[in-house]
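Asker: Turn this into a model:
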Amino acid sequence: MRHETRSYEVFRPGKALAGSEWNDHIAAVIRVQRDTLNRSAATGLWKDTHETAYYVCDIVPSAKEAASAIRAHWGIENRAHYVRDGSFAEDASRIRKSPGIFARIRSFAVNILRFNHTQNVANTRYRVAIGGIDALRSIKFM
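Answerer: Below is the predicted model of the structure:
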């Protein structure tokens, strides 16, 4: 069981960025504080965690607009990670040198398959793998 509360605050950086390369690009700093209570099924005890995240924005949104945009972003991020992990076993990868490069390659592959209107990435990967060169040639890249 889990209980979570979030608070969103929007700040203008003021003169804090004056003279820096960021001065013309950051209009607002958004602070998100999240308090979570997780109940352990094994012990019945609750564990409290606190997390603070910061986002920057080139416009000054209201706290409600910022909350909506951040939730939408995480929906996209979770969808992308879920597919990469489920179809490409990304979390089980033992690549330790430049793992970000391989994550981008996996994302690139998923985007190509989505461009081809793939409904099931894992199934399509399997079909292309056993279909040989003809199956690979049938994939559109542009």
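Asker: quick one: contacts for Val10?
Answerer: Listed by CB atoms under 8 Å, 6 or more residues apart in numbering, the contact partners of Val10 are Ala28, Val29, Ile30, Val60, Pro61, Ser62, Ala63, Ala66. Where you see a C-beta, it was placed from the backbone N, CA and C, and this is true even at glycine.
Asker: closest to Glu90 among these?
Answerer: Ile30 (28.4 Å; CB to CB).
Asker: for that closest one, helix, strand, or coil?
Answerer: strand (DSSP: H, G, I helix; E, B strand; the rest coil).
Asker: Let me know whether it touches Ile70 as I believe.
Answerer: Yes. With contacts counted by CB atoms under 8 Å, Ile30 reaches Ile70, the gap being 7.3 Å.
Asker: Please say which of the two ends up with more neighbours.
Answerer: Higher neighbour count among Ile30 and Ile70: Ile30, with 21 against 18, using other CB atoms under 10 Å.
Asker: Tell me the spacing between the more buried one and Ile76.
Answerer: Distance of Ile30 to Ile76, given as CB to CB, to the nearest Å: 17 Å.
Asker: list the residues that contact both of Ile30 and Ile70?
Answerer: Tyr8, Tyr55.
Asker: For the longest helix anywhere in the chain, buried residues please.
Answerer: The helix that spans the most residues within the chain, counting by DSSP state H, is helix 63-88. Under the neighbour-count criterion of 16 or more other CB atoms under 10 Å, helix 63-88 has Ala66, Ala67, Ile70, Val83, Arg84, Ser87, Phe88 buried.
Asker: Please apply the same query to stretch 109-117.
Answerer: Val110, Leu113.
Asker: Which residue ranges make up the domains of the protein?
Answerer: By the assignment in automatic domain parsing, the chain contains the domains 1-61, 62-142.
Asker: The ones you listed into CSV, with extra columns for mean pLDDT?
Answerer: Output for those, formatted as CSV (pLDDT from 0 to 100):
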stretch, mean pLDDT
domain 1-61, 91
domain 62-142, 85
